[in-house]
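Peer 1: sequence and predicted structure, then a few things I'm wondering about:
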Amino acid sequence: MKNKQAQINDILADFDKNNFQQDLINWFKKEQRSLPWRDNQDPYRVWVSEIMLQQTKVDTVIPYFNRFIEKFPTPEKLAEADEQEVLKAWEGLGYYSRARNLQNAIREVVSDYGGKVPEEADELASLKGVGPYTKGAILSIAYDKPEPAVDGNVMRVLSRILHIQDDIAKQSTKKLFEGIIREVISQEDPSSFNQGLMELGALVCTPKSPSCMLCPVQEHCRAYQEGVEQELPVKTKTKKQKKVPYAALLITNEQGEVLVQQRPEQGLLANLWEFPMVPMEDIDREHLPHWFFGEYGMMITPGKAVDKIKHVFSHLIWDLEIIPCTFDKGELDHPRARFVAMDELESYPFPVSHQKIAKHCK
DNA sequence: AAGCCGGGGAG
DNA sequence: CTCCCAGGCTT
(Lines give C-alpha, C1' and ligand atoms only; values in the text may rest on other atoms or scores of the structure.)
Protein backbone atom coordinates (compact mmCIF):
# COMPACT_ATOMS: atom_id res chain seq x y z
CA MET A 1 0.00 0.00 0.00
CA LYS A 2 1.08 3.61 -0.52
CA ASN A 3 0.64 5.21 2.88
CA LYS A 4 -1.72 4.92 5.82
CA GLN A 5 -3.99 7.82 4.94
CA ALA A 6 -4.40 6.47 1.42
CA GLN A 7 -5.38 3.10 2.88
CA ILE A 8 -7.89 4.79 5.19
CA ASN A 9 -9.38 6.82 2.34
CA ASP A 10 -9.67 3.66 0.31
CA ILE A 11 -11.41 1.74 3.10
CA LEU A 12 -13.89 4.54 3.82
CA ALA A 13 -14.58 5.53 0.20
CA ASP A 14 -18.07 4.01 0.04
CA PHE A 15 -18.84 4.00 3.74
CA ASP A 16 -22.06 5.67 4.91
CA LYS A 17 -20.51 7.33 7.93
CA ASN A 18 -23.47 9.45 9.05
CA ASN A 19 -26.06 6.70 9.08
CA PHE A 20 -23.61 4.33 10.71
CA GLN A 21 -23.05 6.82 13.53
CA GLN A 22 -26.77 7.31 14.04
CA ASP A 23 -27.63 3.60 14.00
CA LEU A 24 -24.83 2.80 16.41
CA ILE A 25 -25.53 5.64 18.83
CA ASN A 26 -29.29 5.10 18.84
CA TRP A 27 -28.77 1.42 19.60
CA PHE A 28 -26.29 2.17 22.39
CA LYS A 29 -28.55 4.70 24.07
CA LYS A 30 -31.40 2.20 24.00
CA GLU A 31 -29.65 -1.07 24.78
CA GLN A 32 -26.63 -0.19 26.91
CA ARG A 33 -26.17 -2.12 30.12
CA SER A 34 -26.59 -0.33 33.42
CA LEU A 35 -23.09 -0.35 34.90
CA PRO A 36 -21.78 1.35 38.05
CA TRP A 37 -19.22 3.47 36.19
CA ARG A 38 -21.96 4.78 33.93
CA ASP A 39 -23.77 6.53 36.81
CA ASN A 40 -21.98 9.76 35.93
CA GLN A 41 -19.03 11.18 33.99
CA ASP A 42 -16.68 11.60 36.94
CA PRO A 43 -13.28 11.26 35.22
CA TYR A 44 -11.78 9.54 38.28
CA ARG A 45 -14.44 6.84 38.22
CA VAL A 46 -14.13 6.48 34.45
CA TRP A 47 -10.38 6.12 34.84
CA VAL A 48 -10.60 3.47 37.57
CA SER A 49 -13.13 1.50 35.53
CA GLU A 50 -11.04 1.63 32.37
CA ILE A 51 -7.94 0.35 34.17
CA MET A 52 -9.89 -2.47 35.80
CA LEU A 53 -11.51 -3.40 32.49
CA GLN A 54 -8.17 -3.92 30.75
CA GLN A 55 -8.10 -7.58 29.71
CA THR A 56 -10.87 -8.20 32.24
CA LYS A 57 -14.57 -9.00 31.81
CA VAL A 58 -17.26 -6.58 32.91
CA ASP A 59 -18.87 -9.11 35.28
CA THR A 60 -15.54 -9.64 37.02
CA VAL A 61 -14.90 -5.91 37.41
CA ILE A 62 -18.26 -4.80 38.85
CA PRO A 63 -17.75 -5.92 42.48
CA TYR A 64 -14.13 -4.78 42.48
CA PHE A 65 -15.12 -1.36 41.13
CA ASN A 66 -17.83 -0.85 43.74
CA ARG A 67 -15.56 -1.85 46.62
CA PHE A 68 -12.68 0.24 45.26
CA ILE A 69 -14.76 3.41 44.87
CA GLU A 70 -16.28 2.92 48.30
CA LYS A 71 -12.81 2.58 49.82
CA PHE A 72 -11.14 5.27 47.69
CA PRO A 73 -13.97 7.62 46.63
CA THR A 74 -11.73 10.46 45.44
CA PRO A 75 -8.26 10.90 43.93
CA GLU A 76 -7.12 12.32 47.26
CA LYS A 77 -8.21 9.21 49.17
CA LEU A 78 -6.41 6.91 46.74
CA ALA A 79 -3.31 9.11 46.75
CA GLU A 80 -2.90 8.95 50.51
CA ALA A 81 -3.56 5.21 50.87
CA ASP A 82 -0.84 2.63 51.52
CA GLU A 83 0.16 0.65 48.45
CA GLN A 84 -0.55 -2.57 50.35
CA GLU A 85 -4.09 -1.35 50.95
CA VAL A 86 -4.54 -0.72 47.23
CA LEU A 87 -3.09 -4.11 46.32
CA LYS A 88 -5.45 -5.72 48.84
CA ALA A 89 -8.39 -4.05 47.08
CA TRP A 90 -7.03 -5.40 43.79
CA GLU A 91 -6.42 -8.92 45.16
CA GLY A 92 -7.64 -11.55 42.69
CA LEU A 93 -8.14 -9.12 39.82
CA GLY A 94 -4.73 -9.79 38.28
CA TYR A 95 -2.24 -7.61 36.41
CA TYR A 96 -1.30 -5.95 39.68
CA SER A 97 0.95 -3.36 38.06
CA ARG A 98 -2.32 -1.75 36.98
CA ALA A 99 -3.08 -0.96 40.60
CA ARG A 100 0.39 0.32 41.39
CA ASN A 101 0.53 2.44 38.23
CA LEU A 102 -2.96 3.81 38.88
CA GLN A 103 -2.04 4.96 42.37
CA ASN A 104 1.23 6.37 41.09
CA ALA A 105 -0.61 8.34 38.40
CA ILE A 106 -3.33 9.53 40.75
CA ARG A 107 -0.70 10.79 43.17
CA GLU A 108 0.73 12.82 40.29
CA VAL A 109 -2.73 14.18 39.48
CA VAL A 110 -3.19 15.26 43.08
CA SER A 111 0.26 16.85 43.40
CA ASP A 112 0.64 18.37 39.93
CA TYR A 113 -2.92 18.94 38.68
CA GLY A 114 -4.74 19.93 41.87
CA GLY A 115 -6.57 16.62 41.95
CA LYS A 116 -8.28 17.21 38.60
CA VAL A 117 -7.81 14.58 35.91
CA PRO A 118 -6.15 16.32 32.92
CA GLU A 119 -8.18 17.02 29.79
CA GLU A 120 -5.05 17.39 27.69
CA ALA A 121 -4.16 14.28 25.67
CA ASP A 122 -0.41 14.62 26.14
CA GLU A 123 -0.69 15.20 29.88
CA LEU A 124 -2.98 12.20 30.22
CA ALA A 125 -0.68 10.01 28.16
CA SER A 126 2.29 10.89 30.34
CA LEU A 127 0.65 9.30 33.39
CA LYS A 128 1.66 5.78 34.48
CA GLY A 129 -0.57 3.08 33.09
CA VAL A 130 -2.43 5.39 30.70
CA GLY A 131 -1.80 4.17 27.16
CA PRO A 132 -3.48 5.07 23.87
CA TYR A 133 -6.70 3.21 24.69
CA THR A 134 -7.21 4.50 28.24
CA LYS A 135 -6.32 8.03 27.19
CA GLY A 136 -8.96 7.98 24.47
CA ALA A 137 -11.53 6.36 26.74
CA ILE A 138 -11.14 9.02 29.43
CA LEU A 139 -11.15 11.88 26.92
CA SER A 140 -14.24 10.65 25.09
CA ILE A 141 -16.31 9.21 27.95
CA ALA A 142 -15.51 11.70 30.71
CA TYR A 143 -14.79 14.81 28.63
CA ASP A 144 -16.81 14.26 25.42
CA LYS A 145 -13.77 14.71 23.19
CA PRO A 146 -13.71 12.98 19.77
CA GLU A 147 -10.68 10.78 20.45
CA PRO A 148 -10.29 7.13 19.38
CA ALA A 149 -10.38 4.43 22.07
CA VAL A 150 -9.37 1.30 20.22
CA ASP A 151 -9.53 -1.95 22.17
CA GLY A 152 -10.04 -5.57 21.17
CA ASN A 153 -13.79 -5.06 20.74
CA VAL A 154 -13.36 -2.09 18.44
CA MET A 155 -10.83 -3.89 16.26
CA ARG A 156 -13.08 -6.94 15.97
CA VAL A 157 -16.21 -4.89 15.18
CA LEU A 158 -14.51 -2.59 12.68
CA SER A 159 -12.59 -5.38 10.99
CA ARG A 160 -15.94 -6.99 10.23
CA ILE A 161 -17.90 -3.87 9.30
CA LEU A 162 -15.16 -2.58 7.01
CA HIS A 163 -13.81 -6.02 6.05
CA ILE A 164 -10.26 -5.31 7.15
CA GLN A 165 -7.95 -8.32 7.02
CA ASP A 166 -4.87 -6.82 8.65
CA ASP A 167 -3.51 -8.81 11.61
CA ILE A 168 -4.92 -7.19 14.76
CA ALA A 169 -2.01 -8.57 16.80
CA LYS A 170 0.25 -6.02 15.10
CA GLN A 171 0.45 -2.55 16.59
CA SER A 172 0.51 -1.01 13.11
CA THR A 173 -3.03 -2.38 12.69
CA LYS A 174 -4.13 -0.71 15.91
CA LYS A 175 -2.78 2.56 14.51
CA LEU A 176 -4.77 1.97 11.36
CA PHE A 177 -7.97 1.54 13.38
CA GLU A 178 -7.22 4.70 15.36
CA GLY A 179 -6.88 6.58 12.09
CA ILE A 180 -10.18 5.15 10.88
CA ILE A 181 -11.95 6.12 14.10
CA ARG A 182 -10.71 9.69 13.76
CA GLU A 183 -12.52 9.79 10.43
CA VAL A 184 -15.77 8.14 11.43
CA ILE A 185 -16.27 9.13 15.07
CA SER A 186 -19.32 11.23 15.90
CA GLN A 187 -18.30 14.80 16.74
CA GLU A 188 -21.63 15.36 18.51
CA ASP A 189 -21.50 12.31 20.80
CA PRO A 190 -18.06 10.68 20.77
CA SER A 191 -18.77 9.04 24.14
CA SER A 192 -21.77 7.08 22.90
CA PHE A 193 -19.98 6.31 19.66
CA ASN A 194 -16.91 4.79 21.34
CA GLN A 195 -18.90 3.01 24.03
CA GLY A 196 -21.36 1.85 21.39
CA LEU A 197 -18.61 0.09 19.44
CA MET A 198 -17.38 -1.64 22.59
CA GLU A 199 -20.86 -2.52 23.78
CA LEU A 200 -21.64 -3.94 20.35
CA GLY A 201 -18.52 -6.08 20.54
CA ALA A 202 -19.46 -7.34 23.99
CA LEU A 203 -23.16 -8.04 23.35
CA VAL A 204 -23.65 -8.68 19.61
CA CYS A 205 -20.47 -8.76 17.54
CA THR A 206 -18.88 -11.43 19.74
CA PRO A 207 -15.72 -13.39 18.83
CA LYS A 208 -17.16 -16.87 18.22
CA SER A 209 -20.71 -16.65 16.87
CA PRO A 210 -21.82 -13.04 16.37
CA SER A 211 -25.56 -12.31 16.52
CA CYS A 212 -25.72 -10.64 13.14
CA MET A 213 -29.52 -10.99 12.99
CA LEU A 214 -29.77 -8.68 16.00
CA CYS A 215 -27.10 -6.24 14.87
CA PRO A 216 -28.12 -2.59 14.66
CA VAL A 217 -25.49 -1.88 12.01
CA GLN A 218 -25.97 -5.06 9.99
CA GLU A 219 -26.71 -3.10 6.82
CA HIS A 220 -23.34 -1.35 7.17
CA CYS A 221 -21.37 -4.57 7.64
CA ARG A 222 -19.29 -5.72 4.70
CA ALA A 223 -18.31 -9.00 6.36
CA TYR A 224 -21.95 -9.91 6.93
CA GLN A 225 -22.88 -9.03 3.38
CA GLU A 226 -20.17 -11.38 2.13
CA GLY A 227 -20.86 -14.02 4.77
CA VAL A 228 -17.33 -13.96 6.19
CA GLU A 229 -17.99 -12.48 9.65
CA GLN A 230 -16.67 -15.67 11.28
CA GLU A 231 -13.34 -15.30 9.48
CA LEU A 232 -12.65 -11.90 11.03
CA PRO A 233 -10.70 -10.48 12.67
CA VAL A 234 -7.43 -11.97 11.47
CA LYS A 235 -5.14 -12.58 14.42
CA THR A 236 -1.86 -14.51 14.63
CA LYS A 237 -1.54 -17.26 17.20
CA THR A 238 0.08 -16.83 20.56
CA LYS A 239 2.65 -19.36 21.63
CA LYS A 240 1.96 -21.60 24.60
CA GLN A 241 3.26 -21.14 28.11
CA LYS A 242 6.32 -22.73 29.65
CA LYS A 243 5.87 -24.96 32.71
CA VAL A 244 7.89 -24.16 35.82
CA PRO A 245 7.92 -26.53 38.83
CA TYR A 246 8.03 -25.18 42.39
CA ALA A 247 7.74 -26.52 45.91
CA ALA A 248 5.59 -24.19 48.03
CA LEU A 249 6.50 -24.56 51.68
CA LEU A 250 4.11 -24.33 54.61
CA ILE A 251 6.38 -23.68 57.56
CA THR A 252 4.88 -23.13 61.00
CA ASN A 253 6.69 -22.24 64.20
CA GLU A 254 5.89 -23.15 67.83
CA GLN A 255 3.40 -20.28 68.14
CA GLY A 256 1.48 -21.67 65.18
CA GLU A 257 2.53 -18.80 62.94
CA VAL A 258 3.26 -19.44 59.27
CA LEU A 259 6.16 -18.17 57.19
CA VAL A 260 5.29 -15.77 54.36
CA GLN A 261 7.31 -13.33 52.30
CA GLN A 262 6.74 -10.31 50.09
CA ARG A 263 7.62 -10.82 46.44
CA PRO A 264 10.16 -8.55 44.70
CA GLU A 265 9.25 -4.96 43.83
CA GLN A 266 9.36 -5.70 40.14
CA GLY A 267 8.20 -8.48 37.85
CA LEU A 268 5.56 -11.13 38.30
CA LEU A 269 3.06 -10.43 41.12
CA ALA A 270 5.27 -7.59 42.32
CA ASN A 271 4.98 -6.75 46.04
CA LEU A 272 2.30 -9.32 46.67
CA TRP A 273 2.80 -11.93 49.41
CA GLU A 274 3.44 -15.64 49.08
CA PHE A 275 4.61 -18.76 50.85
CA PRO A 276 8.28 -19.56 50.23
CA MET A 277 8.75 -21.14 46.82
CA VAL A 278 11.63 -23.43 45.89
CA PRO A 279 12.47 -23.56 42.17
CA MET A 280 12.58 -27.32 41.65
CA GLU A 281 14.01 -26.91 38.18
CA ASP A 282 17.28 -25.86 39.82
CA ILE A 283 17.19 -27.66 43.20
CA ASP A 284 17.40 -31.39 43.77
CA ARG A 285 14.73 -32.64 46.15
CA GLU A 286 17.25 -33.94 48.71
CA HIS A 287 19.07 -30.62 48.68
CA LEU A 288 15.95 -28.63 49.51
CA PRO A 289 16.73 -28.22 53.26
CA HIS A 290 20.29 -27.17 52.45
CA TRP A 291 19.08 -24.63 49.89
CA PHE A 292 16.51 -23.30 52.32
CA PHE A 293 19.08 -22.91 55.09
CA GLY A 294 21.26 -20.90 52.75
CA GLU A 295 18.40 -18.59 51.82
CA TYR A 296 16.58 -18.26 55.14
CA GLY A 297 19.00 -19.35 57.87
CA MET A 298 16.57 -21.96 59.18
CA MET A 299 16.74 -25.74 59.42
CA ILE A 300 13.57 -27.39 58.21
CA THR A 301 12.40 -30.93 57.50
CA PRO A 302 10.07 -31.27 54.51
CA GLY A 303 7.05 -33.55 54.95
CA LYS A 304 4.96 -35.28 52.33
CA ALA A 305 3.27 -33.17 49.66
CA VAL A 306 -0.37 -32.58 50.58
CA ASP A 307 -1.53 -31.19 47.22
CA LYS A 308 -0.52 -30.15 43.75
CA ILE A 309 -1.72 -26.93 42.17
CA LYS A 310 -1.41 -25.99 38.53
CA HIS A 311 -1.67 -22.25 38.04
CA VAL A 312 -1.80 -20.79 34.54
CA PHE A 313 -0.54 -17.29 33.75
CA SER A 314 -0.66 -15.64 30.36
CA HIS A 315 2.97 -16.49 29.65
CA LEU A 316 3.88 -19.37 32.00
CA ILE A 317 2.51 -22.17 34.15
CA TRP A 318 3.37 -22.84 37.77
CA ASP A 319 3.34 -26.48 38.86
CA LEU A 320 3.15 -26.14 42.61
CA GLU A 321 3.71 -28.93 45.11
CA ILE A 322 2.45 -28.00 48.55
CA ILE A 323 4.85 -29.28 51.18
CA PRO A 324 4.32 -28.83 54.95
CA CYS A 325 7.59 -28.54 56.82
CA THR A 326 8.67 -28.76 60.43
CA PHE A 327 10.84 -25.94 61.73
CA ASP A 328 13.76 -27.55 63.54
CA LYS A 329 16.10 -24.77 64.58
CA GLY A 330 17.84 -21.60 63.47
CA GLU A 331 16.74 -18.00 63.22
CA LEU A 332 14.87 -16.48 60.30
CA ASP A 333 17.25 -14.29 58.33
CA HIS A 334 15.52 -13.00 55.20
CA PRO A 335 14.75 -9.33 54.36
CA ARG A 336 11.24 -9.90 52.99
CA ALA A 337 10.01 -12.90 55.02
CA ARG A 338 8.23 -13.05 58.37
CA PHE A 339 6.10 -15.31 60.53
CA VAL A 340 2.45 -14.31 60.61
CA ALA A 341 -0.44 -15.55 62.74
CA MET A 342 -3.05 -17.53 60.81
CA ASP A 343 -5.84 -15.06 61.46
CA GLU A 344 -3.71 -12.20 60.16
CA LEU A 345 -3.02 -13.78 56.78
CA GLU A 346 -6.16 -12.26 55.35
CA SER A 347 -4.80 -8.74 55.75
CA TYR A 348 -2.00 -9.47 53.28
CA PRO A 349 -2.55 -9.34 49.50
CA PHE A 350 -1.97 -12.82 48.02
CA PRO A 351 -2.23 -13.94 44.41
CA VAL A 352 -4.99 -16.48 43.81
CA SER A 353 -2.48 -19.33 43.54
CA HIS A 354 -1.27 -18.70 47.08
CA GLN A 355 -4.77 -18.17 48.41
CA LYS A 356 -5.33 -21.77 47.35
CA ILE A 357 -2.17 -22.82 49.18
CA ALA A 358 -3.30 -20.97 52.30
CA LYS A 359 -6.34 -23.25 52.53
CA HIS A 360 -3.95 -26.05 53.51
CA CYS A 361 -2.76 -24.17 56.60
CA LYS A 362 -5.52 -25.45 58.83
C1' DA B 1 8.33 -6.63 17.10
C1' DA B 2 8.23 -9.58 20.83
C1' DG B 3 7.99 -10.67 25.61
C1' DC B 4 6.18 -9.78 30.17
C1' DC B 5 2.22 -9.19 33.17
C1' DG B 6 -3.28 -12.58 36.11
C1' DG B 7 -7.29 -14.50 36.27
C1' DG B 8 -11.55 -16.10 34.76
C1' DG B 9 -15.18 -17.82 31.74
C1' DA B 10 -17.03 -19.39 27.24
C1' DG B 11 -17.24 -23.06 23.98
C1' DC C 1 -8.03 -28.20 25.69
C1' DT C 2 -8.12 -22.85 23.10
C1' DC C 3 -9.26 -18.31 22.96
C1' DC C 4 -9.81 -13.81 24.70
C1' DC C 5 -11.24 -10.28 27.47
C1' DA C 6 -12.84 -1.82 27.74
C1' DG C 7 -3.99 -2.96 27.33
C1' DG C 8 0.45 -1.05 28.91
C1' DC C 9 5.29 -1.40 29.82
C1' DT C 10 9.88 -3.01 28.80
C1' DT C 11 13.47 -4.59 25.96
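Peer 2: Structure received.
Peer 1: now do the top strand by length along chain A, average pLDDT.
Peer 2: If each strand of chain A is counted by residues according to DSSP state E, the longest one is strand A:316-330. Strand A:316-330 shows a mean pLDDT of 93.
Peer 1: that strand and DNA strand C in contact?
Peer 2: No: contact of strand A:316-330 with DNA strand C (CB under 7 Å from any atom of the strand) is absent, the minimum separation being 8.8 Å. C-beta: built from backbone N, CA, C; applies to glycine.
Peer 1: sheet-wise, list the partners of that strand with their directions.
Peer 2: Taking DSSP bridges as the criterion, strand A:316-330 forms sheet pairs with strand A:242-252 (parallel), strand A:298-302 (antiparallel), strand A:307-312 (antiparallel).
Peer 1: what's in contact with the last one?
Peer 2: I take that to be strand A:307-312. The contact list for strand A:307-312 (CB atoms under 8 Å, 6 or more residues apart in numbering) reads A:241, A:248, A:317-322, A:352-353, A:356-357, A:360.
Peer 1: can you check the shortest one too?
Peer 2: Residues from elsewhere that reach strand A:298-302 (CB under 8 Å, 6+ apart): A:247, A:249, A:251, A:288-289, A:292-293, A:323-333.
Peer 1: just the buried ones from the contacts of strand A:307-312, in PyMOL syntax?
Peer 2: Selection of the buried residues among the contacts of strand A:307-312 in PyMOL, burial being defined by 16 or more other CB atoms under 10 Å:
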select buried, chain A and resi 248+318+320+321+322+353+356+357
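Peer 1: could you dump the contacts of strand A:307-312 into JSON lines and include distance to DNA strand B?
Peer 2: Output for the contacts of strand A:307-312, formatted as JSON lines (distance: CB to the nearest atom of the strand, whole Å):
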{"residue": "A:Gln241", "distance to DNA strand B": "8"}
{"residue": "A:Ala248", "distance to DNA strand B": "13"}
{"residue": "A:Ile317", "distance to DNA strand B": "11"}
{"residue": "A:Trp318", "distance to DNA strand B": "9"}
{"residue": "A:Asp319", "distance to DNA strand B": "14"}
{"residue": "A:Leu320", "distance to DNA strand B": "11"}
{"residue": "A:Glu321", "distance to DNA strand B": "17"}
{"residue": "A:Ile322", "distance to DNA strand B": "16"}
{"residue": "A:Val352", "distance to DNA strand B": "4"}
{"residue": "A:Ser353", "distance to DNA strand B": "5"}
{"residue": "A:Lys356", "distance to DNA strand B": "9"}
{"residue": "A:Ile357", "distance to DNA strand B": "12"}
{"residue": "A:His360", "distance to DNA strand B": "17"}
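Peer 1: span of stretch A:20-40 from start to end?
Peer 2: End-to-end distance for stretch A:20-40: 26 Å, by CA to CA, to the nearest Å.
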